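Asker: Give me the fold of what follows.
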Amino acid sequence: MSSSSPKGLSRIAANRLHKELKEWQMNPPAGFKHKVSDNLQRWIVEVNGAPNTLYENETYYLQVDFPENYPMEAPQVIFTHNPPLHPHIYSNGHICLDILYDSWSPAMTVSSICISILSMLSSSTEKARPVDNDRYVRNCRNGKSPKETRWWFHDDKV
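Answerer: You can find the predicted model right below:
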């Protein structure tokens, strides 16, 4: 690899992402496929619902955007296209999951994020939008990032 890093990423972030991508290619998390592209700063990940869950045989897509100082800062992770119906996933694809915000740790990886999201989906007992979906989505117009949201993590049942 050359000494320069991709535009927008620090050298540390680029090195970390190259390492994570290599590990992913050798041992991808079950139920996920990385859609290959030449953009290291944005990953598109195919998510397949786990067997014997409400999301079995369903496919979704995550867009993972890495900040310049990843892994010190969490990536932005959203569902694209048709997000799953889930009490913690808004219709605009934003995900209410503490590890993506307040509980982020630089020790986490894209694989660990994906496993957490699949676990969140798998443990759901109902397919429904969050109760405040319409208000939240309305407030996020004009491309507001989920990282700009003040999340209130109060539901540990789903």
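
Asker: Stretch 118-128: which residues count as buried?
Answerer: The neighbour-count check on stretch 118-128 (16 or more other CB atoms under 10 Å) flags Leu118, Met120, Leu121, Ser122, Ser124 as buried. The way it works is simple: take the backbone N, C-alpha and C, and place the C-beta from them, glycine included.

Asker: Then stretch 133-143?
Answerer: Judged by neighbour count using 16+ other CB under 10 Å, the buried positions of stretch 133-143 are Asn133, Tyr136, Val137, Cys140.

Asker: Could you list which of those residues belong to helices?
Answerer: Under the assignment DSSP state H, the buried residues of stretch 133-143 contribute Asn133, Tyr136, Val137 to helices.

Asker: Dump these to CSV, plus pLDDT.
Answerer: Below are those laid out as CSV (pLDDT from 0 to 100):
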residue, pLDDT
Asn133, 91
Tyr136, 85
Val137, 85
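
Asker: can you give me phi and psi for the residue most central in space within the chain?
Answerer: Nearest residue to the geometric centre of the chain (CA atoms, centre = their mean): Val77, 3.2 Å. Main-chain torsions, Val77, degrees, to the nearest 10: phi -120, psi 120.

Asker: Touching, it and Ile117? I think so.
Answerer: Yes - contact between Val77 and Ile117 holds when scored by CB atoms under 8 Å: they sit 7.5 Å apart.

Asker: which neighbours do those two share?
Answerer: Any residue near both Val77 and Ile117 by CB atoms under 8 Å, 6 or more residues apart in numbering counts here, and that gives Leu62, Ile95.

Asker: the strands in this protein, which residues?
Answerer: 32-35, 42-48, 59-65, 76-80 (DSSP state E).

Asker: and the second one, which residues are buried?
Answerer: Judged by neighbour count using 16+ other CB under 10 Å, the buried positions of strand 42-48 are Trp43, Val45, Val47, Asn48.

Asker: Thank you kindly, that will do.
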